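*Asks:* From the sequence below, what's the structure:
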Amino acid sequence: MRLELLQGHLAIRGLQLQASVELHQFCHLSNMELSWVAEHMPHGSPISYTECLNGAQSLHRKHKELQVEVKAHQGQVQWVLSSGQSLAASGHPQAQHIVEQCQELEGHWAELERACEARAQCLQQAVTFQQYFLDVSELEGWVEEKRPLVSSRDYGRDEAATLRLINKHQALQEELAIYWSSMEELDQTAQTLTGPEVPEQPRVVWERLREQLRALQELAATRDRELEGTLRLHEFLREAEDLQGWLASQKQAAKGGESLGEDPEHALVRRGPGSRRVPWGRAYGVGKLALAGRRKKVAAER
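*Replies:* A predicted model of the protein is given here:
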């Protein structure tokens with residue numbers, strides 16, 4: 001009888017010891033996971049929007065590595081939680097304590113995931129902010145670089161030089177049109193960058209840049225008109241010189257007994273070895289076509 005009673009006590013003691021071992025094992029695993037969560041909890045200082053783009057990108061890359069590590073560790077946490085829940089459901093004497101441990105681990109893990117997501121969004125905005133201001137700075141630098149060109153008073157000393165300047169100016173106007181199209185993208189980005197920690201509101205910077213581009217565009221339009229006017233002047237002077245030469249040759253021919261024609265509107269236009277009577281207005285039109293051909297040739301040589 002006493003042996004049976006002793007065996008009964010030993011069996012109870014064995015169950016108690018087994019339950020204690022299982023509890024300690026679970027608590028050990030749970031505490032290890034809590035420590036892991038604490039070590040990987042993002043506790044970085046608030047993002048400074050005055051940092052350079054490279055610094056913001058570096059922090060963003062490191063945080064992505066952390067997120068990958070957290071995601072890979074999620075399976076281990078789920079295994080520990082599952083073992084704790086099974087232990088509590090088996091009727092363990094410390095089931096309430098085990099449930100509380102599981103709840104604590106679940107809470108800390110959820111907090112880690114939220115902190116990682118918030119940090120990722122903050123870092124992404126910092127990168128976008130720095131990229132935005134870098135793009136704006138580059139565009140402002142381009143405006144400053146091109147302003148002397150559109151403000152230049154050099155319109156070409158002769159027709160060929162003016163044509164070359166026109167070609168360069170047309171290329172600049174095409175580039176200006178491209179930058180204008182990028183302003184819409186910058187505007188959309190500026191609307192996403194708001195917050196008390198932003199040192200200068202991107203919208204204000206965008207407005208300033210738009211005014212600079214508008215001023216540059218007005219100067220470019222003015223220079224375009226001046227270049228076209230100068231080209232017409234060179235064409236007129238050249239045509240006047242050609243006409244003077246033609247008149248001189250006709251006077252010389254008249255001295256030799258040749259007829260000049262009935263009036264200036266029916267002057268002879270010599271073409272090679274022969275000549276035919278062509279109205280002067282038509283001859284001028286032919287000269288304009290020839291001029292257009294020469295302009296295309298000069299542009300092609302550029």
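*Asks:* Quick one: neighbours of residue 87, just the number.
*Replies:* Residue 87: 21 surrounding residues under other Cβ atoms under 10 Å. (Glycine included, C-beta is placed from N, CA and C.)
*Asks:* count of neighbours near residue 153?
*Replies:* 6.
*Asks:* For my notes, confirm it occurs in a strand.
*Replies:* No. According to DSSP: H, G, I helix; E, B strand; the rest coil, residue 153 belongs to no strand; its state is coil.
*Asks:* Quickly note the distance from it to residue 229.
*Replies:* 13 Å (Cβ to Cβ, to the nearest Å).
*Asks:* same deal with residue 32?
*Replies:* 83 Å.
*Asks:* and what of residue 67?
*Replies:* Where residue 229 is concerned, residue 67 sits at a distance of 63 Å (Cβ to Cβ).
*Asks:* Pick out whichever of the two has more residues nearby.
*Replies:* Taking neighbours as other Cβ under 10 Å, residue 67 and residue 229 compare with residue 67 leading, 17 against 12.
*Asks:* mind checking pLDDT for that one?
*Replies:* With respect to pLDDT, residue 67 scores 94.
*Asks:* Let me know whether it touches residue 120 as I believe.
*Replies:* Yes. Contact criterion Cβ atoms under 8 Å: residue 67 and residue 120 qualify, at 6.5 Å.
*Asks:* give the contact list for residue 172.
*Replies:* 146, 149, 150, 220 (Cβ atoms under 8 Å, 6 or more residues apart in numbering).
*Asks:* the helices in this protein, which residues?
*Replies:* Ranges of helices in the chain, per DSSP state H, are 2-40, 53-89, 95-150, 159-192, 202-255, 280-301.
*Asks:* just how off-centre is the second one within its chain?
*Replies:* Right, helix 53-89. 33 Å (Cα atoms, centre = their mean, to the nearest Å).
*Asks:* could you say what helices and strands it packs with?
*Replies:* Applying 3 or more Cβ pairs under 8 Å, 6 or more residues apart in numbering; DSSP states H and E, we find helix 53-89 packed against helix 2-40, helix 95-150.
*Asks:* name the helices or strands packed onto the longest one?
*Replies:* Under the contact definition 3+ Cβ pairs under 8 Å, 6+ apart, helix 95-150 sits against helix 2-40, helix 53-89, helix 159-192, helix 202-255.
*Asks:* Just give me the lowest mean pLDDT stretch among these.
*Replies:* Taking the mean pLDDT of the helices and strands packed on helix 95-150, helix 2-40 comes last: a mean of 75.
*Asks:* Spatially central residue in the chain, please.
*Replies:* Per Cα atoms, centre = their mean, the C-alpha nearest to the average position across the chain is that of residue 135, at 6.3 Å.
*Asks:* my read: that residue touches residue 186, true?
*Replies:* Yes. The criterion here is Cβ under 8 Å, and residue 135 meets it with residue 186 at 6.5 Å.
*Asks:* okay, and the common contacts of those two?
*Replies:* By Cβ under 8 Å, 6+ apart, no residue touches both residue 135 and residue 186.
*Asks:* how much space between residue 136 and residue 229?
*Replies:* 35 Å.
*Asks:* picking that back up, okay, the helices and strands packed on helix 53-89 in JSON lines with distance to residue 256 next?
*Replies:* Formatted as JSON lines, those follow (distance: least, Cβ to Cβ, whole Å):
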{"stretch": "helix 2-40", "distance to residue 256": "106"}
{"stretch": "helix 95-150", "distance to residue 256": "54"}
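*Asks:* Of those helices, which stretch is the most buried?
*Replies:* Mean neighbour counts were compared across these using mean count of other Cβ atoms under 10 Å; the top stretch is helix 95-150, at a mean of 16.
*Asks:* So for that helix, mean pLDDT?
*Replies:* 91.
*Asks:* what's the angle from it to helix 53-89?
*Replies:* Relative orientation of helix 95-150 versus helix 53-89 (axes from the mean of the first three to the mean of the last three Cα atoms, to 10 degrees): 160 degrees.
*Asks:* gap between the residue lying closest to residue 189 once chain neighbours are set aside and residue 220?
*Replies:* On the basis of Cβ to Cβ, 6 or more residues apart in numbering, the spatially nearest residue to residue 189 that is not a chain neighbour turns out to be residue 132, at 5.1 Å. For residue 132, the distance to residue 220 (Cβ to Cβ) stands at 26 Å.
*Asks:* Same question for residue 123.
*Replies:* Relative to residue 220, and taking Cβ to Cβ, residue 123 is found at 40 Å.
*Asks:* Quick check: residue 211 vs residue 202, distance?
*Replies:* 15 Å.
*Asks:* Kindly report the same for residue 23.
*Replies:* Residue 23 is 57 Å from residue 202, by Cβ to Cβ.
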